[in-house]
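**Q** take this sequence and fold it.
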Amino acid sequence: MAETTETTGEPGGRERPGRPGQAGGRLPKGFRDAEHGWPELRRIPRPAHRLPLLGDVVGVDRRTPLQDSMRLGRELGPVFRRRAFGKEFVFVWGARYAADLADESRFAKHVGLGVANLRPVVGDGLFTAYNHEPNWQLAHDVLAPGFSREAMETYHGMMLDVAARLTGHWDAELAAGRTVDVPGDMTKLTLETISRTGFGHDFGSFERDRPHPFVTAMIGTLTHAQRRNSVPGPLAPLLLRGANRRNEAHIAFLNRTVDGLVAARHRDGGGSGDLLDRMLRTSHPGTGERLSAENVRKQVITFLVAGHETTSGALSFALYYLARHPEIAARARAEVDRVWGDTPAPGYDQVAKLRYLRRVLDESLRLWPTAPAYAREALQDTVLAGEHPMRRGAWALVLLPLLHRDPEVWGEDAERFDPDRFDAKAVRGRAPHTFKPFGTGARACIGRQFALHEATLVLGLLLRRYELRPDPGYRLRVTERLTVMPEGLRLGLDRCPAPAPSAASASASASASASASAVVPEDGAGRGADGDSEPGSGSAARCPVHGAGE
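**A** Residues are numbered from 1 along each chain as shown. So this is what the prediction gives:
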């Protein structure tokens with residue numbers, strides 16, 4: 001999610017040893033204007049047409065603050081500033097400066113204005129906690145094992161089940177001759193995935209004609225948090241009176257929904273060791289502390305919101321680019337057919353073998369990271385990249401879509417979609433901290449591997465099943481609600497033929513018909529170009545998701 005204010009020093013907050021982001025006690029309270037933290041602020045470029053009181057608002061749209069900042073960043077350079085309603089902000093996108101901000105000994109996460117606006121919804125959840133709040137470290141240490149390899153393998157089957165519901169829905173739309181609503185359906189998919197794997201709950205999203213009320217409430221709170229950034233603080237109670245009431249209703253619905261999940265888990269007497277079980281029953285391995293009931297509610301909402309909103313955007317952008325580049329889609333589909341063969345349901349380990357498809361996903365996240373910014377604050381008086389002095393507590397917002405387009409890193413063709421930017425040789429040749437779609441440092445996304453596994457699995461299943469047809473008249477529009485998502489994206493579908501049997505399975509089948517004792521050779525036959533074994537289970541044509549007989 002985009003981060004735009006205060007990290008430490010909330011009223012009543014205390015510093016504790018070992019918490020990330022500490023240095024020398026509490027930092028100043030409230031919003032920290034760049035004028036107070038950057039002694040040589042006047043050296044940093046700003047837009048030319050600054051208005052009294054309003055600031056740098058000429059030509060901007062309150063619905064697209066990220067894209068406005070990207071436009072200004074291209075004009076002003078890798079470090080620039082903007083002023084809005086009396087508050088000065090510093091933005092960074094140059095790779096050299098972003099790499100320096102990643103130094104954990106001098107900088108830490110800063111909870112920006114947009115993220116702080118979500119605290120009425122999720123409080124001190126993992127994503128929105130201030131660095132000094134003890135529940136961050138407690139929740140992180142309790143929940144981290146929930147994203148281990150062992151845990152991920154248990155989630156894999158549930159991911160396949162939810163993906164089957166998506167393909168069933170898309171098959172029905174295809175049969176009816178309709179295009180599919182990509183962002184809407186990816187939101188349904190990712191909500192059901194995180195709710196089932198993490199909390200044992202089924203929202204029934206694919207059985208609904210309209211979005212589940214939880215999604216409506218979630219989008220409402222995200223939109224409201226972003227809108228608050230565009231309204232002068234003193235006028236917000238007046239200008240947002242109706243919006244505030246709606247937001248309170250949305251928060252109340254989210255709370256009731258999660259309270260119901262927790263109550264059901266208590267009635268059932270336990271679950272399968274999922275994230276909710278860990279929240280309710282696991283003590284910190286070092287201190288023996290446990291999460292409070294209130295914090296459990298906040299953590300569940302955090303995972304339900306952040307755990308599906310960003311992944312649905314990543315899938316939607318990837319499908320947009322795959323539809324617009326049929327040659328890339330064909331190459332990715334060939335890899336899926338080669339690696340997965342005709343197995344009806346790929347195993348957990350087979351997903352990681354889709355190396356080219358993972359590059360497609362990474363390239364989509366490069367151009368449109370769905371959590372498009374993060375903020376970093378100075379833990380001590382320092383100088384950013386040897387150029388810009390910063391006082392302790394000063395902060396900057398890193399604009400990822402521009403960092404990921406820095407021509408010094410990505411070349412003059414940085415706007416071009418090219419998954420081969422992420423082949424192993426290219427990655428080794430790039431400087432670190434130039435690709436950061438999951439944030440940086442100790443507060444980077446705890447669910448990164450979960451999201452990447454889910455997205456790669458789903459893209460592989462969809463490519464094996466469908467040809468994607470873009471609308472020739474569609475031009476990419478990006479909607480912003482702290483996260484970003486392609487707006488109005490619909491795709492046509494054609495059903496792919498069932499994948500041909502892999503070389504290994506065909507060989508095994510032929511050998512078996514000649515001799516019951518024949519085996520597939522182990523001297524390299526049936527291996528792909530990258531050395532991965534190709535699965536095979538016979539030559540019968542099978543439906544890629546549901547099995548034989550379609």
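**Q** check contacts around the closest residue to Lys436 other than its chain neighbours.
**A** Distances taken as CB to CB, 6 or more residues apart in numbering place Leu400 nearest to Lys436, at 6.2 Å, with adjacent residues excluded. Backbone N, C-alpha and C define where each C-beta goes, glycine included. Counting by CB atoms under 8 Å, 6 or more residues apart in numbering, Leu400 makes contact with Pro369, Ala371, Pro372, Ala373, Tyr374, Lys436, Pro437.
**Q** what about the first one, which SS state?
**A** Here Pro369 is recorded as coil under DSSP: H, G, I helix; E, B strand; the rest coil.
**Q** give me the pLDDT for it.
**A** Looking at Pro369, its pLDDT reads 98.
**Q** is it true that Lys417 touches His325?
**A** Check again: residue 417 is Phe, not Lys. Yes. Between Phe417 and His325 there is a contact under CB atoms under 8 Å: 6.2 Å.
**Q** ramachandran angles for the residue most central in space within the chain?
**A** With distances taken as CA atoms, centre = their mean, Thr310 lies nearest the centre of the chain, 3.4 Å away. Per-residue torsions, Thr310: phi -70, psi -40 (degrees, to the nearest 10).
**Q** again with Asp181
**A** Main-chain dihedrals, Asp181, degrees, to the nearest 10: phi -90, psi 100.
**Q** before we move on, the earlier item: return the distance of the residue nearest to Lys436 relative to Gly198.
**A** 26 Å (CB to CB, to the nearest Å).
**Q** any weak-confidence spans in the stretch 101-250 of the chain?
**A** 232-235 (pLDDT under 70).
**Q** likewise the stretch 251-400 of the chain?
**A** Ranges of the stretch 251-400 of the chain meeting pLDDT under 70: 271.
**Q** for it, which segments count as helices?
**A** Residue ranges of the helices in the stretch 251-400 of the chain, as given by DSSP state H, counting those that start in this stretch, are 275-281, 293-324, 326-340, 348-352, 355-367, 400-403.
**Q** and of those helices, who's closest to Gly157?
**A** Across these, Gly157 has its closest neighbour in helix 348-352 (8.7 Å, CB to CB).
**Q** other residues contacting that closest one?
**A** Against helix 348-352 from outside (CB under 8 Å, 6+ apart): Met152, Glu153, His156, Val339, Trp340, Thr343, Arg358, His453, Thr456, Leu457, Gly460, Pro535.
**Q** look up phi and psi at Ala102.
**A** Dihedral angles (degrees, to the nearest 10) for Ala102: phi -80, psi -10.
**Q** so who does it touch?
**A** Arg376, Pro432, His433, Lys436, Thr440, Gly441.
**Q** out of these, which two sit at the greatest distance?
**A** Maximum pairwise distance among those (CB to CB): 15.4 Å, between Arg376 and Pro432.
**Q** and of the contacts of helix 348-352, the nearest to Pro45?
**A** Nearest to Pro45 among the contacts of helix 348-352: Arg358, at 37.3 Å, using CB to CB.
**Q** the closest one reaches Leu452, doesn't it?
**A** Yes. With contact defined as CB under 8 Å, Arg358 reaches Leu452; the gap is 7.3 Å.
**Q** quick one on the thing from earlier: among the contacts of Ala102, who's most crowded?
**A** Greatest neighbour count in the contacts of Ala102, by other CB atoms under 10 Å, goes to Arg376: 32 neighbours.
**Q** residues contacting it?
**A** Leu101, Ala102, Phe107, Ala108, Lys109, His110, Trp395, Ala396, Val398, Thr440.
**Q** please narrow these to those residing in strands.
**A** If you go by DSSP state E, the contacts of Arg376 have Phe107, Ala108, Lys109, His110, Trp395, Ala396, Val398 in strands.
**Q** and the two most separated of those residues?
**A** Ala108 and Val398, at 13.2 Å, using CB to CB across the ones in strands among the contacts of Arg376.
**Q** and what about Glu88, helix, strand or coil?
**A** Classified using three-state DSSP, Glu88 is strand.
**Q** check the gap between it and Ile44 for me.
**A** Going from Glu88 to Ile44 by CB to CB gives 9 Å.
**Q** between the two, what contacts are shared?
**A** When contacts are counted by CB under 8 Å, 6+ apart, Glu88 and Ile44 have Arg81 as shared neighbours.
**Q** tally up the residues packed near Asp259, please.
**A** Based on other CB under 10 Å, the number of other residues close to Asp259 is 14.
**Q** for the stretch 151-300 of the chain, which segments count as strands?
**A** 180-181 (DSSP state E, counting those that start in this stretch).
**Q** pull the contacting residues for Leu452.
**A** Contacts of Leu452 (CB under 8 Å, 6+ apart): Arg358, Leu361.
**Q** okay, the contacts of Leu400 in TSV with distance to Asp61 next?
**A** As requested, those are exported to TSV (distance: CB to CB, whole Å):
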residue	distance to Asp61
Pro369	20
Ala371	21
Pro372	16
Ala373	17
Tyr374	22
Lys436	26
Pro437	24
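**Q** quick one: which of those residues sit in strands?
**A** Among the contacts of Leu400, the members falling in strands (DSSP E) are Ala373, Tyr374.
**Q** Gly313 contacts Met485, correct?
**A** Yes. With contacts counted by CB under 8 Å, Gly313 reaches Met485, the gap being 4.5 Å.
**Q** find the residues that touch each one of these two.
**A** In contact with both Gly313 and Met485: Pro183, Thr370, using CB under 8 Å, 6+ apart.
**Q** higher neighbour count, these two?
**A** In this view Gly313 and Met485 are compared by other CB under 10 Å, and Gly313 has more residues nearby, 28 against 25.
**Q** so what's that one up against?
**A** Gly313 neighbours (CB under 8 Å, 6+ apart): Pro183, Met186, Trp368, Thr370, Thr483, Val484, Met485, Pro486.
**Q** look up how far Gly269 lies from Trp368.
**A** Per CB to CB, Trp368 is found 44 Å from Gly269.
**Q** excluding its backbone neighbours, what's nearest Asp61?
**A** Per CB to CB, 6+ apart, closest to Asp61 is Asp68, 6.3 Å.
**Q** how close does the residue nearest to Pro419 when sequence neighbours are not counted sit to Pro407?
**A** Excluding its sequence neighbours, the residue lying closest to Pro419 (CB to CB, 6+ apart) is Arg359, at 3.8 Å. Using CB to CB, Arg359 is found at 20 Å from Pro407.
**Q** between those two, which is the more surrounded one?
**A** Each of Arg359 and Pro407 has its neighbours counted (other CB under 10 Å); Arg359 has more, 23 against 11.
**Q** now do that one against Gly460, distance only.
**A** 13 Å.
**Q** for Arg477, same thing?
**A** In this structure, Arg477 and Gly460 are 27 Å apart, going by CB to CB.
**Q** between these two, which one's more packed in?
**A** Gly460 (26 against 12).
**Q** Cys205 touches Lys188, doesn't it?
**A** To be clear, residue 205 is Ser; Cys isn't right here. Yes. Here Ser205 lies in contact with Lys188, judged by CB under 8 Å, at a distance of 3.7 Å.
**Q** who touches both of the two?
**A** Pro211, His212.
**Q** of these two, who's got more company?
**A** Lys188 (26 against 23).
**Q** local confidence estimate at the residue nearest to Asp61?
**A** pLDDT, Asp68: 94.
**Q** so who does it touch?
**A** Asp68 is in contact with Gly59, Val60, Asp61, counting by CB under 8 Å, 6+ apart.
**Q** any idea whether the last one is helix, strand or coil?
**A** To tie it back to what came earlier, the one meant is Asp61. What three-state DSSP gives for Asp61 is coil.
**Q** so Ala414 belongs to a helix, correct?
**A** No. Applying three-state DSSP, one finds Ala414 to be coil, outside a helix.
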